[in-house]
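Engineer: pasting the structure only:
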């Protein structure tokens, strides 16, 4: 090695002066390499890059579509839920109204019924009273006449007379003490 | 070659008694031909350049062939490098309208420089191809042709000349000074700086590495215990410099590609 260096040193040429064969060789080798890379390598890389970009963008757009679909579905569901709530509220309101109406009707009916019952009772009582008064009047009349007959000792069987007496008696009785019978 | 002389001086101070050590210099980059084809010397860097094309094509093709949606490890690395060149270097500098036309070139350029640079620290290969300026010049010329061609395609020959040399917002007699300067810096100097930046970094980096390695070896073999210690230090530093070189190797590939795409982007721009 030393001798080789020594030999080379002796005839050392200026390193800034190129050797023509090297220039030619570099040109040829570089040209071949350039055309080979341009033809075989760069298209491959470019294709891979483009495909990858496309794949990523495709994935992104697919994800976006899915997202949009999900959003639409969510909105739809929310709308349905809102509708259902609204419907429920409406039904509840209706039911409340109906309930109130029913209650009012029932109350009215009950009131009518009760007043009818009361009325009925009143008339019945009135009728019974009337009946009682009539029968009492007859009873009291016969009783009084019997009694008076016994007292007077005379028969008061004469109906006309008897009737007059009783009427007078009762009239006296009513005028004397109106609140006591 | 003052560079060579100063290195030799530095090395001779550390030379052992027996003194057979020749410090590495520019001559270390003139490797003897491995074999000869039809009168042409075929050297190691030439083989390495050819090998790099094979490696790059094999790697990028294997990485891109499957086109899996979920990439495996190889595809992931391939896509990472390709995506880096495509998006960060090409699209951000050229603009999303036209960048795809230039991606194959920029990607090839980046991979080609990257692999040939990393030869410098790869065991057994250990020679960065681009420390030979002959391999760098074609790349710079191609980049130059592409960005000038793009500018002419976009603005027309005279339009591009104006676009490249007349700074916007400047008028009057100052243009007499500016136009030659702009022409010089934008049209003439750029391919030269592209070449020299890459070549210089690789050349100097490799020189540094072989200096640490061969110098360390010479010091170790000197038989002097003190010198041997320094030799070990030299190896340790060499390892440190190797890591630094790894960074430089990537950066140079990055910078060359970045500048190429920036020049293209500038040629395509509507205004300065």
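Structural biologist: Yep, that arrived. Since the structure is predicted, the reported quantities are computational estimates derived from the model, not experimental observations. Numbering: from 1, shown residues only, chains lettered A, B, ... in the order given.

Engineer: What strand or helix carries the closest residue to chain B within chain A?
Structural biologist: Going by CB to the nearest CB, chain B is nearest to residue A:22 of chain A, at 3.0 Å. Backbone N, C-alpha and C define where each C-beta goes, glycine included. Using DSSP states H and E, residue A:22 falls within helix A:20-36.

Engineer: what helices or strands is the helix or strand following that helix leaning on?
Structural biologist: For helix A:20-36, the succeeding helix or strand toward the C-terminus, using DSSP H and E, is helix A:42-152. Other helices and strands packing on helix A:42-152, by 3 or more CB pairs under 8 Å, 6 or more residues apart in numbering or on different chains; DSSP states H and E, are helix A:159-176, helix B:44-65, helix B:73-83, helix B:99-118.

Engineer: now the helix or strand residue B:244 falls within against helix B:99-118, angle please.
Structural biologist: Residue B:244 is part of helix B:225-268, with elements assigned from DSSP H and E. Using axes from the mean of the first three to the mean of the last three CA atoms, to 10 degrees, the direction of helix B:225-268 lies 170 degrees away from that of helix B:99-118.

Engineer: circling back: quick one: contacts for the residue of chain A closest to chain B?
Structural biologist: Residue A:22 is in contact with B:45-46, B:132, B:134-135, counting by CB atoms under 8 Å, 6 or more residues apart in numbering or on different chains.

Engineer: And it, what's its pLDDT?
Structural biologist: Note on residue A:22: pLDDT of 89.

Engineer: what does residue B:264 give?
Structural biologist: Confidence score, pLDDT, at residue B:264: 94.

Engineer: now the residue in the stretch 101-250 of chain B positioned nearest to chain A, nearest residue through space, not along the chain?
Structural biologist: Residue nearest to chain A within the stretch 101-250 of chain B: residue B:134 (3.0 Å; CB to the nearest CB). Nearest non-adjacent residue to residue B:134, counting by CB to CB, 6 or more residues apart in numbering or on different chains: residue A:22, 3.0 Å away.

Engineer: now residue B:246
Structural biologist: Nearest residue to residue B:246 in three dimensions, chain neighbours excluded: residue B:121, at 6.0 Å (CB to CB, 6+ apart).

Engineer: Ok, residue A:25 next?
Structural biologist: Spatial nearest neighbour of residue A:25, excluding adjacent residues (CB to CB, 6+ apart): residue B:46 at 5.5 Å.

Engineer: wait, what's in contact with that neighbour?
Structural biologist: Residue B:46 is in contact with A:21-22, A:25, counting by CB under 8 Å, 6+ apart.

Engineer: Which residues of the stretch 101-250 of chain B lie near chain A?
Structural biologist: B:103-105, B:107-108, B:111-112, B:131-135, B:137-139, B:142, B:203 (CB under 8 Å from any CB of the partner chain).

Engineer: any idea how far residue B:135 is from the residue nearest to residue A:25?
Structural biologist: Taking CB to CB, to the nearest Å as the measure, residue B:46 falls 9 Å from residue B:135.

Engineer: hey, what's in contact with both of these two?
Structural biologist: Taking CB under 8 Å, 6+ apart as the contact rule, residue B:46 and residue B:135 both touch A:22, A:25.

Engineer: what's the burial count for residue B:258?
Structural biologist: 19 (other CB atoms under 10 Å in any protein chain shown).

Engineer: Pull the number of nearby residues for the residue nearest to residue B:246.
Structural biologist: The burial count for residue B:121: 18, using other CB under 10 Å.

Engineer: Tell me who's in contact with it.
Structural biologist: By CB under 8 Å, 6+ apart, residue B:121 lies in contact with B:209, B:242, B:245-246, B:249.

Engineer: Next: residue B:107.
Structural biologist: Residues in contact with residue B:107, defined by CB under 8 Å, 6+ apart, are A:37, A:41-42, B:82, B:85-86.

Engineer: Over to residue B:194?
Structural biologist: With contacts defined as CB under 8 Å, 6+ apart, residue B:194 is in contact with B:136, B:139-140, B:143-144, B:256, B:259-260.

Engineer: let's see 10 Å
Structural biologist: B:136-137, B:139-141, B:143-144, B:255-256, B:259-260, B:263 (CB atoms under 10 Å, 6 or more residues apart in numbering or on different chains).

Engineer: thought residue B:30 was touching residue A:15?
Structural biologist: Yes. The pair residue B:30 / residue A:15 is scored as a contact, 8.4 Å apart, by CB atoms under 10 Å.

Engineer: ok, and the most crowded of the contacts of residue A:22?
Structural biologist: Within the contacts of residue A:22, residue B:135 tops the neighbour count with 31 neighbours, counted by other CB under 10 Å.

Engineer: Quick check, the residue of the stretch 101-250 of chain B closest to chain A in contact with residue B:30.
Structural biologist: No. Residue B:134 is beyond contact range of residue B:30, at 11.6 Å (criterion: CB under 10 Å).

Engineer: Now list whatever residues contact both of these two.
Structural biologist: If you check residue B:134 and residue B:30 against CB under 10 Å, 6+ apart, the residues they both contact are A:15, A:19.

Engineer: re the thing from before, drop anything exposed from the contacts of residue B:194.
Structural biologist: B:136-137, B:139-140, B:143-144, B:255-256, B:259-260, B:263 (16 or more other CB atoms under 10 Å in any protein chain shown).

Engineer: thinking again about what came up before, out of the helices and strands packed on helix A:42-152, indicate the one that is most buried.
Structural biologist: Ranked by mean neighbour count, the helices and strands packed on helix A:42-152 are led by helix B:99-118 with a mean of 23 (mean count of other CB atoms under 10 Å in any protein chain shown).

Engineer: Toward the C-terminus, what is the element adjacent to it?
Structural biologist: With DSSP H and E, the next secondary element past helix B:99-118 is helix B:133-155.

Engineer: Now do the same for the most centrally placed residue in chain B: its pLDDT.
Structural biologist: Nearest to the mean C-alpha position of chain B, counting by CA atoms, centre = their mean, stands residue B:198 at 3.5 Å. What the model reports as pLDDT for residue B:198 is 95.
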